[in-house]
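In: No letters, just coordinates:
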């Protein structure tokens, strides 16, 4: 058997091994304990303070987490068991033309941070469609934030393994 034939045979064997390994999903890794042990949350607004959508999202997210009735929300990160940073991100590379202007795809991302080590332990993301009309933009924002609150509530109550991805927000 020449070198090329041996190489081709080894590729076929490797492909068969990989395909066979993919027939069953790997076991779920455990979630970081800080997610289930946290009782006190500090919610940080990592968005643009001058952007009305960021402030609306932060207020809605804060109220939604408070509505879970599972956590004590604290005003000092030094008193928190978990820091939740809410990020409002615009992907300028994936912009869409709307009403003659260019508007990037938007998403809300939470970074869940262990406060003593400043370790990022998890993140959650929900995307939202941009809308020209403020009423539609508010509806899209509210829907994305509600999904993010639901995702967070499911995550922290799904010990010991992460929940399945069931995001309903637009992509």
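Out: Received the coordinates, thanks. Just so we're clear, the structure is a prediction, and the values are computed from it rather than from any experiment.

In: now the longest helix anywhere in the chain: mean pLDDT?
Out: In the chain, with assignment by DSSP state H, the single longest helix is helix 134-156. The average pLDDT within helix 134-156 is 91.

In: Pull the residues that contact it.
Out: Contacts with helix 134-156, where a contact means C-beta atoms under 8 Å, 6 or more residues apart in numbering, come from 31, 35-36, 38, 53, 56-57, 60-61, 64-65, 67-68, 70, 84, 107-108, 110, 122, 124, 126-131, 162-163, 167-170. For the C-beta atoms, the positions are set from N, CA and C on the backbone; glycine is no exception.

In: Stretch 114-121 too?
Out: Contact partners of stretch 114-121, identified using C-beta under 8 Å, 6+ apart, comprise 32, 34-35, 42, 77-78, 80-83, 111-113.

In: For it, buried residues please.
Out: Going by neighbour count (16 or more other C-beta atoms under 10 Å), the buried part of stretch 114-121 is 114-115, 121.

In: Measure how buried residue 80 is and give me the count.
Out: For residue 80, the tally of surrounding residues (other C-beta atoms under 10 Å) stands at 24.

In: Once you drop chain neighbours, what's closest to it?
Out: Excluding the flanking residues, the one nearest residue 80 by C-beta to C-beta, 6 or more residues apart in numbering is residue 42, at 3.7 Å.

In: Equivalent analysis for residue 111, please.
Out: For residue 111, ignoring the flanking residues on the chain, the nearest one in space by C-beta to C-beta, 6+ apart is residue 85 at 4.3 Å.

In: The helix or strand where residue 59 lies to helix 134-156, inter-axis angle?
Out: Under the criterion of DSSP states H and E, residue 59 resides in helix 52-66. Here helix 52-66 points in a direction 40 degrees away from that of helix 134-156 (axes from the mean of the first three to the mean of the last three C-alpha atoms, to 10 degrees).

In: so where's the protein uncertain?
Out: Across the chain, the ranges flagged by pLDDT under 70 are 1-22, 49-50, 91-104, 158-171.

In: if you set the cut-off to 80 instead, what comes out?
Out: The model of the chain has pLDDT under 80 over residues 1-25, 28, 47-51, 90-106, 129-131, 158-171.

In: In whichever strand or helix holds residue 35, which of the residues would be classed as buried?
Out: Residue 35 is part of helix 33-37 when elements are defined by DSSP H and E. Of the residues in helix 33-37, those buried by neighbour count under the rule 16+ other C-beta under 10 Å are 34-35.

In: can you tell me which residues contact residue 43?
Out: So residue 43 contacts 58, 61-62, 65, 73, 84, 86 (C-beta under 8 Å, 6+ apart).
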